[in-house]
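Novice: Okay, sequence plus prediction incoming.
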Amino acid sequence: MLGSQAVLGTPPHGSAAQLAAIALGRALPLDLLPFASGPAARQAVLAGNIACALLALPAAIVALRDGRLSGLALAQPQRSDLLADVPTFAEQGIALHFAAYRGFAVPAGTDRAVLAPLLAALKAVVVDPEFKAQARAQGYIPRFIGQAAWEPMLRRLLAELGERWSKEPWTARHD
């Protein structure tokens with residue numbers, strides 16, 4: 001369907017989707033072409049300039065829902081109810097799972113009295129029905145991860161990325 005050596009557009013170097021594309025490039029015969037942004041890679045596919053792009057869901061969801069793009073696979077453990085008909089890579093025999101996380105940070109040592117109302121507000125936003133509906137429409141599934149879980153998860157992810165970088169850097173090294 002994509003040809004013998006298709007070009008796979010990716011967002012910029014170091015993004016979650018670009019790192020996933022590197023892993024996918026090991027499983028499939030694809031030439032990777034990084035773009036300045038996910039929307040730029042999406043536009044290249046829509047214009048017919050490249051065969052496919054690996055994009056974060058928010059960069060593709062409107063075009064997927066409008067039928068201007070076809071979803072081939074999701075890089076997550078299970079299907080998303082946002083696009084229930086799009087299978088995962090794992091369902092297609094490709095072990096590929098990536099996620100992008102966004103969070104909120106404050107200076108170390110910030111007083112708990114300052115943090116408590118901020119954390120309560122963040123929790124309230126994530127469960128707000130209007131916010132949830134808007135986020136889902138844009139391809140995000142909002143969830144609150146408290147500091148007790150968030151900080152260790154970030155430290156683990158940073159260690160994994162550091163180990164990966166030492167073995168296979170995703171940009172040219174200048175050291």
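Specialist: Yes, it's here.

Novice: what about the strands in the protein?
Specialist: Listed in chain order, the strands of the chain (DSSP state E) span 6-10, 30-34, 52-53.

Novice: Rebuild those strands as JSON lines, extending it with mean pLDDT, distance to Ala16 and mean neighbour count.
Specialist: Just so you know, the C-beta spots here come from the backbone N, C-alpha and C atoms, and that holds for glycine as well. JSON lines is the format used below for these (pLDDT from 0 to 100; distance: least, Cβ to Cβ, whole Å; neighbours: other Cβ atoms under 10 Å):
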{"stretch": "strand 6-10", "mean pLDDT": "90", "distance to Ala16": "10", "mean neighbour count": "21"}
{"stretch": "strand 30-34", "mean pLDDT": "90", "distance to Ala16": "13", "mean neighbour count": "16"}
{"stretch": "strand 52-53", "mean pLDDT": "93", "distance to Ala16": "14", "mean neighbour count": "24"}
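
Novice: Quick check: chain neighbours aside, which residue is closest to Gly25?
Specialist: Leu32 (5.4 Å; Cβ to Cβ, 6 or more residues apart in numbering).

Novice: The helix-or-strand element of the chain with minimal mean pLDDT to strand 6-10, inter-axis angle?
Specialist: One helix or strand of the chain scores below all others by mean pLDDT, DSSP states H and E: helix 16-27, with a mean of 82. Per axes from the mean of the first three to the mean of the last three Cα atoms, to 10 degrees, the angle that helix 16-27 makes with strand 6-10 is 160 degrees.

Novice: Alright, I will stop here.
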